[in-house]
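>>> give the three-dimensional model of this entry:
(one chain, ligands or ions: 2)
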Amino acid sequence: MVRGRISRLSVRDVRFPTSLGGHGADAMVSADAMVSADAMVSADAMVSADAMVSADAMVSADAMHTDPDYSAAYVVIETDAEDGIKGCGITFTLGKGTEVVVCAVNALAHHVLNKDLKDIVGDFRGFYRQLTSDGQLRWIGPEKGVVHLATAAVLNAVWDLWAKQEGKPVWKLLVDMDPRMLVSCIDFRYITDVLTEEDALEILQKGQIGKKEREKQMLAQGYPAYTTSCAWLGYSDDTLKQLCAQALKDGWTRFKVKVGADLQDDMRRCQIIRDMIGPEKTLMMDANQRWDVPEAVEWMSKLAKFKPLWIEEPTSPDDILGHATISKALVPLGIGIATGEQCHNRVIFKQLLQAKALQFLQIDSCRLGSVNENLSVLLMAKKFEIPVCPHAGGVGLCELVQHLIIFDYISVSASLENRVCEYVDHLHEHFKYPVMIQRASYMPPKDPGYSTEMKEESVKKHQYPDGEVWKKLLPAQEN
Ligand SMILES: C[C@H](O)[C@@H](O)CC(=O)C(=O)O
Ligand SMILES: [Mg+2]
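Ligands and ions are numbered 1, 2, ... in the order given. Below is the predicted model of the structure:
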């Protein structure tokens, strides 16, 4: 039973210095500037202040994410109910970006404070619309960029609170929810030309057939995953080989490699990985928006010999027609286009689908407007029969998105064909309910909530700029 009035909202800037080990880097970092990847295995194995590399030292002219300190704007909402249950929400950012998102969360807070949770979830579409239509904040969106990341953090906290009060993990809350209620959480504004409320209801009603069996299957086998942990651009060949060998030992069969900085370097690294994983295992490539459209086609035609399943983010995430052109050129070579981790909202996804611009759709639990907007994208993907292969990694993205993709399989897609969810092996130790991977698959979480709650000691230690970790690092940065 949903209860309580939201009495408090707090938001904190939590940053992990992952860039020190080259983790998460999708841009080349000069060898001199690099700190050994081994130095940064966990937050506790912190590198010393001397090892801190200034961002400027790493940035090259065509840099993408050279120094990604994985970070989160971490929102906690409390209610006046006696149960003391809190809702925790995050959105994923990189370093400095967090302080901007924190401001936006504070600017949105008045929409949540003093609201009854039952009124929020009783008209979730209306509440979503209220947050995304704030008369003044809308101008710096709408439904995109910082303000939308902030919306995601707040709504993720609301979903966590709701699921915790119901005593269910979010995936199960969604699976058990009546299709009409699910539909009532979605804002269909701007997408009714491809998905109406009636279409959504029909898809969800069809999804009821065989639901119990699929739930059992998920609980027994989990949802298939691929790993991005072996081949960040910041890793040396030796680190790549070592991580790849370990991943093979651990049973991984699908691997993603970062490409796009230097063709000869890509050729060498892709050859190393193919040699290690053999011809049958799956290889994906990720360019993180590196190329212009013709360049993407040309570059990928050269990497085609390594048989990638997809090229991810070949160009600007906003260039829908550019993606369509690339897709037309590369699909005959057996390479699909994957994109979504920086897709602003459901409208961009709608157009990517309409333009046949992607073969794999990558939802992101913290970029779109939480579960609400992700539901609309899952349903559109189903309508267009495009497999959803979520973006995860960062900090907490695996924890959240597993709920969405497990729900998608049980209640929407009913298929595992060509579907796989990203996994990155960083920072899970900071979560109270970390993901569980078995046999290279996500095992459905059993704890109530959205797996968003962080350990308080981790938050305290990594809070920027006054957490213990940053107090040690910052003086070196200032020198
Ligand atoms: C900056 C991030 O690490 C980004 O490179 C992640 C990404 O593209 C992915 O996981 O895919
Ligand atoms: Mg990517």
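>>> around ligand 2, pick out the residues from the stretch 251-400 of the chain.
Within reach of ligand 2 by CB under 5 Å from the ion, the stretch 251-400 of the chain has these residues: 286, 312, 341. Where you see a C-beta, it was placed from the backbone N, CA and C, and this is true even at glycine.
>>> list the contacts of the first one.
Spelled out, it's Asp286. With contact set as CB atoms under 8 Å, 6 or more residues apart in numbering, Asp286 has these partners: 26, 228, 256-259, 311-313.
>>> for Lys118, same thing?
Each residue near Lys118 by CB under 8 Å, 6+ apart is listed here: 2-3.
>>> circling back to that earlier point, which two in the contacts of Asp286 are spaced the farthest apart?
The distance between the two most remote of the contacts of Asp286 (CB to CB) is 14.2 Å, for Thr228 and Ile311.
>>> and the longest helix along the chain, what does it pack onto?
For the chain, the helix with the greatest residue count under DSSP state H is helix 145-166. Under the contact criterion of 3 or more CB pairs under 8 Å, 6 or more residues apart in numbering; DSSP states H and E, helix 145-166 touches strand 6-15, strand 70-79, strand 87-94, helix 97-108, helix 117-122, helix 124-132, helix 170-176, helix 370-384.
>>> partners of the residue of the chain found nearest ligand 2 in the sheet?
Per CB to the ion, Asp286 is where the chain lies closest to ligand 2, at 4.3 Å. Bridge pairing for Asp286 (DSSP bridges) gives the partners Lys258, Glu312.
>>> next, the buried residues of the host helix or strand of Leu353.
Applying DSSP states H and E as the criterion places Leu353 in helix 346-354. Neighbour-count burial for helix 346-354 flags 346, 348-353 (criterion: 16 or more other CB atoms under 10 Å).
>>> can you check stretch 90-101 too?
Neighbour-count burial for stretch 90-101 [16+ other CB under 10 Å]: 90-95, 97-98, 100-101.
>>> can you put those in JSON lines and add pLDDT?
JSON lines is the format used below for the buried residues of stretch 90-101 (pLDDT from 0 to 100):
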{"residue": "Ile90", "pLDDT": "98"}
{"residue": "Thr91", "pLDDT": "98"}
{"residue": "Phe92", "pLDDT": "98"}
{"residue": "Thr93", "pLDDT": "97"}
{"residue": "Leu94", "pLDDT": "96"}
{"residue": "Gly95", "pLDDT": "96"}
{"residue": "Gly97", "pLDDT": "97"}
{"residue": "Thr98", "pLDDT": "98"}
{"residue": "Val100", "pLDDT": "98"}
{"residue": "Val101", "pLDDT": "98"}
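>>> could you tell me which residues of the chain lie near ligand 1?
Residues of the chain lying near ligand 1 by CB under 6 Å from any ligand atom: 24, 26, 65, 68, 228, 286, 288, 341, 391, 393, 422.
>>> again, only this time at 5 Å
Residues of the chain found near ligand 1 (CB under 5 Å from any ligand atom) are 24, 26, 65, 68, 228, 286, 393.
>>> surely the last one and Glu422 touch.
Yes. Using CB atoms under 8 Å, Gly393 is in contact with Glu422, at 5.9 Å.
>>> shared neighbours of those two, which are they?
The contact sets of Gly393 and Glu422 overlap at Thr228 (CB under 8 Å, 6+ apart).
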